[in-house]
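[1] Quick one, what's the 3D model for this:
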Amino acid sequence: MFRYDTTINPPAAFVQVTLFDPITELSVQKPGKLDTGASITVLPESVVTTLRLKAMSEGFVTGFDGKGSLRPLYYIAMEIAGYKIPLVEVTSAQRSDVLLGRDVLNQFILTLDGKALTFDLRDP
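    Next up, the predicted model:
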């Protein structure tokens, strides 16, 4: 069981994420915000720089504001709550945390308990 981050308003579900370049195996840890409304996972641009990721293609991505743009797409491996995900196609943006979208979250059983400000994330 994990606890929501209550330092932000409203509180939100965050989990520590280890991100790996699947080729070089360089890694970095970042907090990951669980976002069931996002279809794709979004890395901070600082992670792209730190891991020296190379864009594999581009894709049209629409943000929460409804505006779309052509964004670079990367392949990355990650570990969340002790579970490894070998390869995920992600994009990047100017942000400080990882936005974990349904492309990653749908690989887990996720139970959110907003009243108790806790959540459970486990591998089926």
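
[2] And stretch 100-109, what's buried?
    Neighbour-count burial for stretch 100-109, with 16 or more other CB atoms under 10 Å as criterion, is recorded at 100, 101, 104, 105, 108. Every residue, glycine included, has its C-beta placed from N, CA and C.

[3] Other residues contacting that stretch?
    15, 17, 32-36, 38-42, 78, 80, 83, 85, 88-90, 120-124 (CB atoms under 8 Å, 6 or more residues apart in numbering).

[4] Any of the residues you listed buried? List them.
    Among these, those buried by neighbour count (16+ other CB under 10 Å) are 15, 17, 32-35, 38, 40-42, 78, 80, 85, 88, 90, 121.

[5] Mean pLDDT per element in this protein, and the minimum belongs to which helix or strand?
    Within the chain, no helix or strand scores below strand 57-62, which has a mean of 82 by mean pLDDT, DSSP states H and E.

[6] Show me what the very next helix or strand once past that one is packed up against.
    The element immediately downstream of strand 57-62 (helix or strand, assigned by DSSP states H and E) is strand 68-80. Applying 3 or more CB pairs under 8 Å, 6 or more residues apart in numbering; DSSP states H and E, we find strand 68-80 packed against strand 14-20, strand 57-62, strand 83-93.

[7] Among those strands, which one carries the weakest average confidence?
    With a mean of 82, strand 57-62 has the lowest mean pLDDT of the helices and strands packed on strand 68-80.

[8] how far does that strand sit from the chain's center?
    From the chain centre to the centre of strand 57-62 is a distance of 16 Å (CA atoms, centre = their mean, to the nearest Å).

[9] Repeat that for stretch 71-86.
    That offset, for stretch 71-86, works out to 8 Å (CA atoms, centre = their mean).

[10] buried ones in it?
    Using 16+ other CB under 10 Å as the test for burial, stretch 71-86 gives 71, 72, 73, 74, 75, 76, 77, 78, 80, 85.

[11] any idea which element residue 103 lies in?
    helix 102-105.

[12] and that helix, average pLDDT?
    Helix 102-105 comes out at a mean pLDDT of 96.

[13] In the helix or strand that that helix is followed by, which residues are buried?
    Next helix or strand after helix 102-105 toward the C-terminus (DSSP H and E): strand 109-113. Judged by neighbour count using 16+ other CB under 10 Å, the buried positions of strand 109-113 are residue 110.
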